[in-house]
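Enquirer: curious how this folds, go ahead:
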Amino acid sequence: MAFGGNPYHMHIIQIVLLLFVTFAILKTVGRAVKRDVTRTQLVFWCLVWLAIAAAAIFPQWTVVVANRLGVGRGADFVLYVAVALLLYIVFRLTVRMERMDRAITKVVRRDALSVILEQGSPGPALARPGPALTRPVRDPVRDPRAETIGSRQDMEREILSSRRGDAPPE
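Expert: Numbering: from 1, shown residues only. You can find the predicted model right below:
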């Protein structure tokens with residue numbers, strides 16, 4: 001039963017939440033059809049969306065559950081669960097990104113080593129360092145004649161021009 005005792009009366013927030021849940025379930029099922037999510041993920045997210053729909057349609061249930069768990073209000077309970085769920089998802093994403101970063105590093109390192117082993121050297125572009133790589137670096141604090149460091153784009157342009165054999169830009 002919705003707020004106010006009338007089972008057919010719904011507040012705007014309930015309607016908005018139900019529209020959102022419908023959209024979210026359709027997108028989740030669509031992702032499962034495209035095999036972007038596993039069956040386990042499909043079931044998990046559909047349960048999350050259905051729990052949100054149940055809380056929107058029957059808000060008094062959140063109060064009952066909250067009171068049984070020692071939380072004063074149903075809205076507080078929903079907020080605690082949402083924050084805990086979001087923090088867990090952030091943790092899982094962070095772990096997954098770190099794992100992917102390590103895997104990408106391994107692949108790039110293995111690829112670079114295989115190129116070096118096939119060619120016998122790093123290759124002509126890498127074997128011939130340009131002026132940006134051979135110029136001595138002076139400490140501007142101790143040596144007043146030291147050049148100031150240019151922007152990152154200037155350094156990249158200088159390195160690329162030295163690899164092509166062009167004169168460095170002045």
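
Enquirer: going by C-alpha atoms from here, please, whenever you check contacts or count neighbours.
Expert: Will do.

Enquirer: can you give me the helices in this protein?
Expert: Taking DSSP state H as the criterion, the chain carries its helices at 12-33, 39-57, 59-68, 74-119, 124-127, 131-134, 152-164.

Enquirer: going by mean pLDDT, which of those helices comes out lowest?
Expert: Taking the average pLDDT of each of the helices of the chain, the minimum falls on helix 131-134, with a mean of 48.

Enquirer: tell me how this structure divides into domains.
Expert: What the record gives for the chain is the domain set 1-57, 72-123, 128-164, from automatic domain parsing.

Enquirer: quick one: residue 69 from residue 111, how far?
Expert: When CA to CA, to the nearest Å is the yardstick, residue 69 and residue 111 sit 55 Å from each other.

Enquirer: same check on residue 85?
Expert: Using CA to CA, residue 85 is found at 39 Å from residue 111.

Enquirer: picking up where we left off before, can I get the helices of the chain in a markdown table including mean neighbour count?
Expert: Listed next are the helices of the chain as a markdown table, based on neighbours: other CA atoms under 10 Å:
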| stretch | mean neighbour count |
| --- | --- |
| helix 12-33 | 15 |
| helix 39-57 | 16 |
| helix 59-68 | 16 |
| helix 74-119 | 12 |
| helix 124-127 | 10 |
| helix 131-134 | 14 |
| helix 152-164 | 15 |
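
Enquirer: quick one, what contacts residue 71?
Expert: Residue 71 makes contacts with residue 77, as judged by CA atoms under 8 Å, 6 or more residues apart in numbering.
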